[in-house]
Structure formats: C-alpha cells, structure tokens
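K.L.:
from the sequence below, what's the structure:
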Amino acid sequence: MEANVVSKLVLPPVRTATSSSYSSPTAPKLFSSFSCGSRSQIRQAGLGNSSSSSSSSRTVPKFSIASSAGIQEINETQFRDSVLNSDRPVLVEFVASWCGPCRLISPAMEWLAQEYKDRLTVVKIDHDANPKLIEEYKVYGLPALILFTNGKEVPESRREGAIAKAKLQEYVDVFLESMPVA
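P.N.:
The predicted model follows:
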C-alpha cells in the first residue's frame with residue numbers, strides 16, 4: 001500500500017504584526033502595528049519577480065518616494081550632513097516603494113513635517129537605494145522611524161510599522177519633551 005505524502009510550503013511572513021520596540025518609562029508602548037519585511041525576505045519566500053503561468057496578472061501601483069514640501073529625501077552621501085551634523089533633532093523615515101504600510105504612513109509623516117517644522121527635521125531614505133544605511137542601522141521592518149539628535153540615535157526611539165497620526169504625534173512629543181532645550 002502506498003502512503004500519500006502531503007507537504008506544506010511554509011513561507012516566512014511578509015507582513016508581520018510587531019509591537020513598539022521601545023519600552024522605557026519616558027517612551028511608553030503606543031500600540032502594535034504592521035510592517036513590511038525586507039525585500040530579501042520577500043525574495044526568499046519566492047514572492048518577488050516570479051513568472052507565473054497564471055493567465056491573470058496583478059500589478060502593484062507604484063509608490064513615489066519623492067519628497068514633499070516638508071520632507072527631504074536623502075541618500076547615503078547626504079546622511080552625515082543632513083542627519084548626523086544637524087543642529088536640531090532629525091526624524092529619519094526608512095521607506096520603500098513596494099511597502100504598503102509605508103504608503104499608509106505617508107500622509108501622517110507629511111503632516112508631521114509641516115506641523116513640527118520649527119522643532120524637527122524630517123527626512124526620508126529609500127530602503128532599496130541605500131543598502132549601507134540599512135545595514136548600519138539594522139533596519140529590519142518598514143516603515144522604520146529613528147530619531148537622531150547631536151549626531152546620535154536617540155536611545156529607544158526606533159519604531160517600525162505603520163502608525164496613526166495621533167500616535168505619531170504622541171511618539172514625537174514624548175521624545176521632544178525629554179530633550180534639553182538649547
């Protein structure tokens with residue numbers, strides 16, 4: 001008698017539910033969120049750029065990484081001058097054109113850049129075009145937010161995943177209020 005063998009293909013998650021990555025009393029956990037895995041995780045799962053024999057094909061709309069009036073897009077060569085040598089706090093947003101949660105957070109980030117333009121600089125970095133920064137700052141999920149001041153990452157300021165506008169404002173306020181006024 002032949003045994004029927006059924007195998008399951010287990011893929012790593014492309015979107016994962018993650019909680020806030022900070023837990024200090026001055027930076028409380030705000031809520032769980034969704035984030036995109038890296039492009040390499042998507043490729044390893046066999047979900048990227050595969051040719052399908054299926055007659056139906058899906059197209060993913062392009063998401064522009066282009067900067068808005070309040071958010072400047074920078075690259076690896078501009079990072080030192082724009083972020084590390086800045087005389088005021090800088091919120092760095094790591095995004096990718098293929099990341100759905102990055103699209104979700106985009107309007108809130110644009111609002112934040114306008115609302116806090118006198119106290120905070122907001123910059124955007126394209127994940128795919130800046131692999132050295134992604135590796136150096138260990139960006140594992142997108143969108144990723146990291147706050148820098150005086151040339152250094154603010155401890156426990158790292159946040160991954162989409163965030164609502166009110167929670168984004170609360171996140172930034174917690175860190176700006178804890179910084180000494182110059």
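K.L.:
show me where this structure has helices.
P.N.:
For the chain, the helices defined by DSSP state H cover 39-44, 76-79, 100-115, 131-136, 165-178.
K.L.:
quick check: buried residues in the shortest one?
P.N.:
Counting neighbours by 16 or more other Cβ atoms under 10 Å, one finds that the buried residues in helix 76-79 are residue 79. For every residue, glycine as well, the C-beta is placed using N, CA and C.
K.L.:
for the last one, same thing?
P.N.:
Residues of helix 165-178 classed as buried by neighbour count (16+ other Cβ under 10 Å): 167-169, 171-172, 174-176.
K.L.:
before we move on, back to that, how about the helices of the chain in CSV, adding distance to residue 94 and mean pLDDT?
P.N.:
Output for the helices of the chain, formatted as CSV (distance: least, Cβ to Cβ, whole Å; pLDDT from 0 to 100):
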stretch, distance to residue 94, mean pLDDT
helix 39-44, 12, 48
helix 76-79, 11, 97
helix 100-115, 9, 96
helix 131-136, 7, 97
helix 165-178, 15, 95
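K.L.:
can I get those helices in JSON lines with distance to residue 149?
P.N.:
Formatted as JSON lines, the helices of the chain follow (distance: least, Cβ to Cβ, whole Å):
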{"stretch": "helix 39-44", "distance to residue 149": "30"}
{"stretch": "helix 76-79", "distance to residue 149": "15"}
{"stretch": "helix 100-115", "distance to residue 149": "16"}
{"stretch": "helix 131-136", "distance to residue 149": "18"}
{"stretch": "helix 165-178", "distance to residue 149": "8"}
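K.L.:
and of these, who's closest to residue 159?
P.N.:
helix 165-178 (6.4 Å; Cβ to Cβ).
K.L.:
list the helices and strands the closest one packs on?
P.N.:
Contacts defined by 3 or more Cβ pairs under 8 Å, 6 or more residues apart in numbering; DSSP states H and E place helix 165-178 against helix 100-115, strand 144-149.
K.L.:
tally of neighbours for residue 135?
P.N.:
Applying other Cβ atoms under 10 Å, we find 9 residues neighbouring residue 135.
K.L.:
what do you get for residue 95?
P.N.:
25.
K.L.:
separation between the nearest residue to residue 95 once chain neighbours are set aside and residue 123?
P.N.:
Spatially, and ignoring its direct neighbours in sequence, residue 95 is nearest to residue 102 (4.1 Å; Cβ to Cβ, 6 or more residues apart in numbering). Distance of residue 102 to residue 123, given as Cβ to Cβ, to the nearest Å: 14 Å.
K.L.:
same check, this time on residue 79
P.N.:
Counting by Cβ to Cβ, the gap from residue 79 to residue 123 is 8 Å.
K.L.:
what do you get for residue 179?
P.N.:
18 Å.
K.L.:
these two: who's more crowded?
P.N.:
residue 123 (21 against 14).
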